[in-house]
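>>> pasting a predicted model and its sequence here:
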Amino acid sequence: MVLFPNAKINLGLYITGRRADGFHDLETIFLPIPFRDSIELIKATDPSKGDFQFGTSGLSIEGPEEKNLCFRAWQILKKEYSHIPALEFHLLKQIPMGAGMGGGSSDGAFTLLLINKKFDLQIPRKKLIEYALQLGSDCPFFIINQPVFGSGRGEILEPIDIPSLKGYHIVVVFPSISVSTSWAFSRIKPGKPEKSLKEAILYPLAEWKSIIKNDFEAPVFEAYKEIADIKSTLYSAGALYASLSGSGSTVFGIYNEHDFKLPEFPGHYTVRTMELLPG
């Protein structure tokens, strides 16, 4: 069985406070985009090789297997559902890491969905969201996987309609720079936004440039001029709205396909253009 974990972008991102548990309160809008990895699992042909036989291809994945969110998702379900048999699991990695697109979070959340579906565990969505939160703050979004307003540490999710995006396209640009999330948070001074994103997102797309911000842009752009230049280039090429996604380093631009000419970027950049929401 195969599923295709997708990436996300953030439409606005405000860090509104520090919490006693070490996390930060935030306000953002999560939006799924059709940029995907691939995960496949089958029952292990040789269980003696282990209960979770993990293989990867595509982009190189750093760190030990036990730190991977796919492995950790399997551990959570195996603990609760001990009858899950030994598995062979393969991840084809295409969403860049350290890019602010939630690729690792998506892989972990989709692993929960895949095992649930493969073995008919009938885990309700609410419980899957609880499991996903054990993996990371972004992971519950990928269980819902539709436009949502996120608050709390990112786990309080409210579905939201964004009619102004239908029929538009998006270009995402990753400059092969990995931005440390902990570093980025350390350079943020929390504060309340002047206008809530739930209100700002209802304004015409052409006005988002002046009212929807990402708090991480200031420290990231100061440290990495190359990332700041991407945003300027996208606006110069006709983007109606451009922004850093998450804590970076991906920058995206939203545009009307009739008014946009894709700019050239260096060969080491990853660039994808896709329809944002069906018209």
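Yes, it's here. Numbering: from 1, shown residues only.
>>> what about the residue nearest to Glu158 when sequence neighbours are not counted, neighbour count?
Spatial nearest neighbour of Glu158, excluding adjacent residues (C-beta to C-beta, 6 or more residues apart in numbering): Phe149 at 4.6 Å. In short, each C-beta sits where N, CA and C put it, glycine included. Look at Phe149: counted by other C-beta atoms under 10 Å, it has 19 neighbours.
>>> with Asn116 instead?
There are 19 residues near Asn116, going by other C-beta under 10 Å.
>>> what's the first helix or strand after the helix or strand where the residue nearest to Glu158 lies?
Element membership of Phe149, judged by DSSP states H and E, is strand 148-151. Using DSSP H and E, the helix or strand that follows strand 148-151 in sequence is strand 156-159.
>>> strand partners of that next one, parallel vs antiparallel please.
Applying DSSP bridges to the sheet, strand 156-159 is found paired with strand 148-151 (antiparallel).
>>> may I see the buried residues of the longest helix seen in the chain?
Looking across the chain with DSSP state H, the single longest helix is helix 103-118. Under the neighbour-count criterion of 16 or more other C-beta atoms under 10 Å, helix 103-118 has 103-116 buried.
>>> can you check stretch 221-229 too?
Judged by neighbour count using 16+ other C-beta under 10 Å, the buried positions of stretch 221-229 are 221, 224, 227-228.
>>> stretch 9-26 too?
Within stretch 9-26, the residues that count as buried by 16+ other C-beta under 10 Å are 9-15, 24-26.
>>> which one of these sits closest to Ser232?
Nearest to Ser232, judged by C-beta to C-beta, of the buried residues of stretch 9-26 is Ile9 at 18.2 Å.
>>> isn't there a strand covering the closest one?
Yes. Checked against DSSP: H, G, I helix; E, B strand; the rest coil, Ile9 lies within a strand.
>>> now do the contacts for the closest residue to it other than its chain neighbours.
Leaving aside its chain neighbours, Ile9 sits nearest to Ser245 (4.3 Å; criterion: C-beta to C-beta, 6+ apart). Contact analysis of Ser245 by C-beta atoms under 8 Å, 6 or more residues apart in numbering lists 8-10, 99-101, 172, 214, 251-252.
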